[in-house]
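Following is a predicted model, sequence given first.
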Amino acid sequence: AQTVTQSQPEMSVQEAETVTLSCTYDTSESDYYLFWYKQPPSRQMILVIRQEAYKQQNATENRFSVNFQKAAKSFSLKISDSQLGDAAMYFCAYRNRYGGATNKLIFGTGTLLAVQP
Amino acid sequence: GAGVSQSPRYKVAKRGQDVALRCDPISGHVSLFWYQQALGQGPEFLTYFQNEAQLDKSGLPSDRFFAERPEGSVSTLKIQRTQQEDSAVYLCASSLGGLGGGLAYEQYFGPGTRLTVT
């Protein structure tokens, strides 16, 4: 079974600074997707960024980028130029690319990010 | 267009009561998922529908939990004889495609229903 681990329950960053959130996962599959989701207090889960495991190039979306290390099964999220609106719970998630009876997401336990003005 | 909506947003039930939680997915979305999010935890998968077919219910914690999507659009998650351990946020998500193809169809989440069992 696949698992996702986020070892940082809470992180804090100064506005305009850079922060990195860590995520490791375990799977025997070779082809899969990895995601970072943001969940503000409103509870609406929002996709931040996605990485296909078969792509070597790290995904980037504006101020958000990932460091995907497939051999190490590591998938960290870097937020540059942090803004007050980035404050939220961040979840790392995994999904198999093929097979099975579902496209379910497997989530980590989350990292609560605080942004200090 | 409208996103995924869920109702009610908050539900308080006395232990032993039955509850029904509704999810309206994005129009035209084939896949629908239910997740349970306990306080301070990540969401955990409950069940999956492709159109009206429930293809995976492996995450339902007990036979008190039942989900349906009879016409392939709106879905209802029903919990019978609620227990305190059922207190959680129940999230619904929908995505455009179904299984196969290996495409990473994005899952769009609703705001969730916070269920408190007293």
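Structure's in. What do you need?

Can you read off the pLDDT for residue 107?
Went with chain A since none was named. Model confidence at A:Phe107, expressed as pLDDT, equals 97.

I was thinking of chain B, sorry if that wasn't clear
90.

A:Leu105 is in contact with that one, correct?
Yes - using C-beta atoms under 8 Å, B:Gln107 makes contact with A:Leu105 at a distance of 6.5 Å. Glycine gets a C-beta too; all of them are placed from N, C-alpha and C.

If we ignore the residues flanking it in sequence, what's nearest whatever residue of chain A ends up closest to chain B?
Residue of chain A nearest chain B, by C-beta to the nearest C-beta: A:Phe107 (3.3 Å). Spatial nearest neighbour of A:Phe107, chain neighbours left out: B:Gly42 (3.3 Å); criterion: C-beta to C-beta, 6 or more residues apart in numbering or on different chains.

Over to B:Thr47?
B:Lys57 (4.5 Å).

three-state assignment of residue 85?
I went with chain A, as the question did not name one. helix (DSSP: H, G, I helix; E, B strand; the rest coil).

Let me rephrase: I mean chain B.
helix.

tally of neighbours for it?
10 (other C-beta atoms under 10 Å in any protein chain shown).

what does the one 3 residues further on give?
Residues contacting B:Ala88 under the criterion other C-beta under 10 Å number 20.

Sketch out the low-pLDDT regions of chain B for me.
In the predicted model of chain B, residues B:1, B:100-104 satisfy pLDDT under 70.
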